[in-house]
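> Predicted structure and sequence below. I'll ask about it afterward.
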Amino acid sequence: MANSTIKPIQTEEDYEAALVRIDVLMGAEPDSPEFDELDVLADLVELYESKHEPMGYPSPVAAIKFRMEQG
């Protein structure tokens, strides 16, 4: 099991750390604890970005999630 603790993203440092962790987890197998962690982190980053980024192009996380869903 991953030894990472998931917590709310409240600062720019939290955000950057979450993006780094997402990058590490990108090769996670579906139905694994790492894949679950990736899914939750992506949601948290997306929420943070929706509150702190202006509307426009899709967020990197949204693009990653879209690509993951494409198979």
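Yes, it's here.

> which element is the residue positioned nearest the centre of the chain on?
In the chain, the centroid-proximal residue (C-alpha atoms, centre = their mean) is residue 42; its distance is 2.3 Å. Using DSSP states H and E, residue 42 falls within helix 33-52.

> Is the residue nearest to the centre of the chain in contact with residue 59, as I believe?
No. Counting by C-beta atoms under 8 Å, residue 42 does not reach residue 59; the two are 9.5 Å apart. No exception for glycine: its C-beta is placed from N, CA and C like everyone else's.

> Show me what the strand or helix carrying residue 13 packs onto, helices and strands only.
Secondary structure from DSSP H and E places residue 13 in helix 12-25. If you count contacts as 3 or more C-beta pairs under 8 Å, 6 or more residues apart in numbering; DSSP states H and E, helix 12-25 packs onto helix 33-52, helix 60-69.

> low-scoring stretches of the chain, by residue?
For the chain, the stretches with pLDDT under 70 are 1-4, 53-56, 71.

> Please report the distance of residue 31 from residue 44.
Using C-beta to C-beta, to the nearest Å, residue 31 is found at 20 Å from residue 44.

> now residue 6
Counting by C-beta to C-beta - residue 6 and residue 44 are separated by 7 Å.

> between those two, which one's more packed in?
Between residue 6 and residue 44, residue 44 has the larger neighbour count (other C-beta atoms under 10 Å), namely 19 against 13.

> can you pull the contacts of the nearest residue to residue 9 once chain neighbours are set aside?
The shortest distance from residue 9 to any non-neighbouring residue, by C-beta to C-beta, 6 or more residues apart in numbering, is to residue 48 (4.2 Å). Listed by C-beta atoms under 8 Å, 6 or more residues apart in numbering, the contact partners of residue 48 are 9, 14, 15, 18.

> Please, a ChimeraX command that selects the buried ones among the residues you listed?
Here is the ChimeraX selection string for the buried members of the contacts of residue 48, based on 16 or more other C-beta atoms under 10 Å:
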select :9,15,18
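
> between the contacts of residue 48, which is closest to residue 26?
Residue 26 has its nearest neighbour among the contacts of residue 48 in residue 18, at 12.9 Å by C-beta to C-beta.
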